[in-house]
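# would you be able to build a 3D model of this:
(one chain, ligands or ions: 2)
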Amino acid sequence: MMAGGQQPIIVLREGTKRERGKGAQSNNIMAARAISDAVKSTLGPKGMDKMLVDGMGDVVITNDGATILKEIDVEHPAAKMIVEVAKSQDEECGDGTTSAVVLTGELLKYAGELLEQNIHPTVICGGYKLAANKAKETLNKLSIIIKPGDKKTLKDIAMTSMASKSASAEKTLLADVVVEAVTNVAEKVGGKTVVDLDNIQIQKKQGGGIGNTEIITGIIIDKERVHEGMPKNIKNAKIALIDSALEVKKTEVDARIQINDPTQLQAFLDEEEGMIKKMVDKVIKSGANVLICQKGIDDIAQHYLAKNGIFAVRRAKKSDMEKLAKATGANIVGSLDGLTSKDIGFAGNVEEKKIGDDKMTFVTGCKNPKAVSILIRGTTDHVVDELERGLHDALSVVAVALEDGKMTAGGGAAAIAISMALRDYAPSVGGREQMAIEAFANAIEIIPKTLSENAGLDPIDMMLEIRNAHSKGKKYAGINVLGGKVDDMLKNNVIEPLRVSMQEIEASSEAATMILRIDDVIASKGGGAPPGGMPPGGMGGMPPGMDGMM
Ligand code: ADP
Ligand code: MG
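Ligands and ions are numbered 1, 2, ... in the order given. A predicted model of the protein is given here:
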């Protein structure tokens, strides 16, 4: 920031690092590509897993792009922007994160080559914008309608998304669970199908095989009943949800009571017991036969509840309380004094069951039949966690497919169709932007190329074959990684929601152009960017030490 004149005016604080022009661009491109290279090997059903170890020594084993990027510490600001790509892809459709990141890296790689040829970043960005629009148009044309009620297709979409997760072996069962859960919570709002995935509760319990994963129409609480004397099973449950403790409040300060004769002691104890008894009486009076308490329930209260045949659970999670309220129609009551029969919710059955080594409470036959839960099982915690991530992706894609009713062919089929459409389109634009559009066409081939590479297939042979198939009008030809050949992806049931592919194009082209437009990186010493000193395109607060990090 030179002032016009002889004397340079220093406006940046001491210690600020600054990189400009080509140096800044190539550094940004390198950092972004390093991130995309890091996740590349996980793409597709034959992709490898990564073992991530955090600062505390905790281990995560995953194949999920979004998770990998969430777990690794990234310092370079451009690399951070790539992590954002994965996040936005994950938020929009819950799948396609690796593809979006890999595509961003490749778009930047080809842009780097164009920069070397002295093509201005603005021109490249313009060309990429045109290419992205054409790509989306092509995707729309290619997309196939999913017929309402077509559960088989939804199941294939779930299977495609889970193909790359370690749980692949039990895919069929899991896909059934996913489709069942999503179709159960789907609602029609103003003629449109809407799926709120928050209505699907996920509970995990280590032990047992993945095959024991099941769907429950109701809510599961990872708690046992508080007292052995309580019934294990309550039919026609009337449920009270309480957010306060069934305990006599202990005083804040240390108080001492002087007791001079034994009758006084008895009177004191009686009084405490009397207070607890009154609390339990309030529960009984409300008509409840099940009590789910977010706080503690003291021994005496447990005893009285049991004596009155009430099933009680203590220290339930807040999120479970909320799900229970929605499912049973109960109100969460802050204080027992406020509890009335109007606050009581209903469920056909409340039952404690032994799952693995633990006991859990199952609330089924709820007033609201849309409440569903998935109980994830797996031999170890790592398996259960990765399964949860896989289910998250599958639930998301099935929800998106159901909402939009449109799908495309996977396995790189759509990518090749886009690439060919772009090559046809580029000459009509002409000039230097044509070069950028062609670069986009090259970049998007990274998807089938990487799928082949990760499956141990020769990418060059595969690309020749797949282009050949497409030029003969086989628009759904993709890489069948399991069979090791080019194949019709629709016939192989490798299908994805249209929205996932659309978002991949959207997120990657946006991030790539945003990074390309930056020609000045100013990083203050202590993190936190200097006010007004941000490059166009705006990055968040920048970390210290910009160089030599990747
Ligand atoms: P992402 O995070 O991008 O979803 P994945 O590791 O889940 O990455 O891989 C997704 C890619 O794998 C998609 O391009 C999808 O079409 C492809 N794919 C899934 N199953 C198959 C299959 N059986 N054959 C070929 N490609 C497949
Ligand atoms: Mg995926």
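# and the closest residue to ligand 1 within the stretch 401-550 of the chain, how many neighbours?
Going by Cβ to the nearest ligand atom, ligand 1 is nearest to residue 410 of the stretch 401-550 of the chain, at 2.4 Å. (Glycine included, C-beta is placed from N, CA and C.) A count of neighbours around residue 410, defined by other Cβ atoms under 10 Å, yields 30.
# which residues does the closest residue to it other than its chain neighbours contact?
Distances taken as Cβ to Cβ, 6 or more residues apart in numbering put residue 494 closest to residue 410, at 4.3 Å, once the chain neighbours are dropped. Shown in contact with residue 494 (Cβ atoms under 8 Å, 6 or more residues apart in numbering): 156, 160, 163, 409, 410, 411, 413, 478, 480.
# now swap in residue 407 and tell me
Taking Cβ under 8 Å, 6+ apart as the test, what residue 407 contacts is 143, 144, 146, 153, 157, 401, 495, 496, 497, 498.
# quick check: residues of this protein near ligand 1?
42-45, 47, 65, 95-99, 160, 163-164, 410-411, 447, 451, 479-482, 494, 496 (Cβ under 6 Å from any ligand atom).
# for the stretch 401-550 of the chain, what are the low-confidence residue spans?
Where the stretch 401-550 of the chain drops to pLDDT under 70, the residues are 525-550.
# now residue 228. Its backbone dihedrals?
When read as degrees, to the nearest 10, the backbone of residue 228 gives phi -60, psi -30.
# what's the spacing between the residue nearest to it when sequence neighbours are not counted and ligand 1?
Leaving aside its sequence neighbours, residue 228 sits nearest to residue 306 (Cβ to Cβ, 6+ apart; 7.8 Å). Distance, residue 306 to ligand 1, by Cβ to the nearest ligand atom, to the nearest Å: 50 Å.
# mind pulling up the pLDDT for residue 306?
With respect to pLDDT, residue 306 scores 95.
# do the same with residue 12
If you check residue 12, the pLDDT there is 69.
# same thing with residue 269?
Per the predicted model, pLDDT is 77 at residue 269.
# and the contacts of stretch 193-204?
With Cβ under 8 Å, 6+ apart, stretch 193-204 has contacts from 181-182, 185-188, 219-220, 222, 320, 323, 326, 360, 370-376, 384-385, 388, 391, 395-396, 399, 402-403, 405.
# what residues of it count as buried?
Residues of stretch 193-204 classed as buried: 195, 199, 200, 201, 202, 203, 204 (neighbour count, 16 or more other Cβ atoms under 10 Å).
# tell me which entries of the residues you listed lie within strands.
Among those, the members found in strands (DSSP state E) are 200, 201, 202, 203, 204.
# okay if I get the residues you listed as CSV plus pLDDT?
Formatted as CSV, these follow (pLDDT from 0 to 100):
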residue, pLDDT
200, 91
201, 90
202, 90
203, 90
204, 90
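# now the two most distant members of those.
Spatial extent of those (Cβ to Cβ) is set by the pair 200 and 204 at 13.5 Å.
# and residue 303, how far from residue 352?
18 Å (Cβ to Cβ, to the nearest Å).
# wait, I meant residue 468
On the measure of Cβ to Cβ, residue 468 and residue 352 end up 62 Å apart.
# also residue 422?
60 Å.
# so the two - more neighbours on which side?
residue 422 (23 against 20).
# now the more buried one: closest residue in space that isn't a chain neighbour?
residue 441 (3.8 Å).
# which element is that neighbour on?
Assigned by DSSP states H and E, residue 441 falls within helix 431-444.
# what helices or strands is that helix leaning on?
If contacts are counted by 3 or more Cβ pairs under 8 Å, 6 or more residues apart in numbering; DSSP states H and E, helix 431-444 sits against helix 97-116, helix 121-142, helix 413-429.
# in that helix, what counts as buried?
For helix 431-444, by 16+ other Cβ under 10 Å, it's 432-444.
# how about residues contacting the helix or strand that that helix is followed by?
Going down the chain from helix 431-444, the next helix or strand is helix 446-454, by DSSP H and E. Contact partners of helix 446-454, identified using Cβ under 8 Å, 6+ apart, comprise 40-44, 46-48, 99, 102-103, 105-106, 411-413, 415-416, 458-459, 462-463, 466, 478-479, 481.
# emit the ChimeraX select command for whichever of the residues you listed are buried.
Here is the ChimeraX selection string for the buried members of the contacts of helix 446-454, based on 16+ other Cβ under 10 Å:
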select :40,41,42,43,44,46,47,99,102,103,105,106,411,412,413,415,416,459,462,463,466,478,479,481
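# in stretch 508-522, what counts as buried?
508-516, 518-519, 521-522.
# from the residues you listed, which ones fall inside strands?
Going by DSSP E, the strands hold 521, 522 from the buried residues of stretch 508-522.
# now do the SS call for residue 249.
Under the three-state scheme (DSSP: H, G, I helix; E, B strand; the rest coil), residue 249 adopts coil.
# state the number of residues packed around it.
Residue 249, neighbours per other Cβ under 10 Å, totals 7.
# so who does it touch?
No residues are in contact with residue 249 under the rule Cβ under 8 Å, 6+ apart.
# check it and give its pLDDT.
Note for residue 249: predicted pLDDT of 71.
# what of the one 10 residues further on?
Predicted confidence (pLDDT) at residue 259: the value is 72.
# next up, the contacts around it.
265, 268.
# can you give me phi and psi for it?
Torsion angles, degrees, to the nearest 10, at residue 259: phi -120, psi 130.
# among the contacts of residue 494, which lie within helices?
156, 160, 413 (DSSP state H).
# from memory the last one sits against residue 492, does it?
In this case it means residue 413. No: assessed by Cβ atoms under 8 Å, residue 413 is found out of contact with residue 492, at 9.8 Å.
# what's across from the nearest residue to residue 381 once chain neighbours are set aside in the sheet?
In space, and not counting its chain neighbours, residue 381 is closest to residue 206: 5.1 Å by Cβ to Cβ, 6+ apart. Beta-bridge pairing of residue 206 under DSSP bridges involves residue 378.
# neighbours around residue 206, how many?
18.
# could you pull up the contacting residues of it?
Residue 206 neighbours (Cβ under 8 Å, 6+ apart): 356, 377, 378, 379, 380, 381, 383, 384.
# now a PyMOL select for only the buried ones of those.
Buried residues within the contacts of residue 206, by 16+ other Cβ under 10 Å, are selected in PyMOL with:
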select buried, resi 377+378+383+384
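# adding pLDDT, write the contacts of residue 206 out as TSV.
Listed next are the contacts of residue 206 as TSV, based on pLDDT from 0 to 100:
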residue	pLDDT
356	84
377	89
378	86
379	86
380	86
381	86
383	84
384	86
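# which two in the contacts of residue 206 are spaced the farthest apart?
So, these by Cβ to Cβ: farthest apart are 356 and 383, at 12.9 Å.
# sounds good, over and out.
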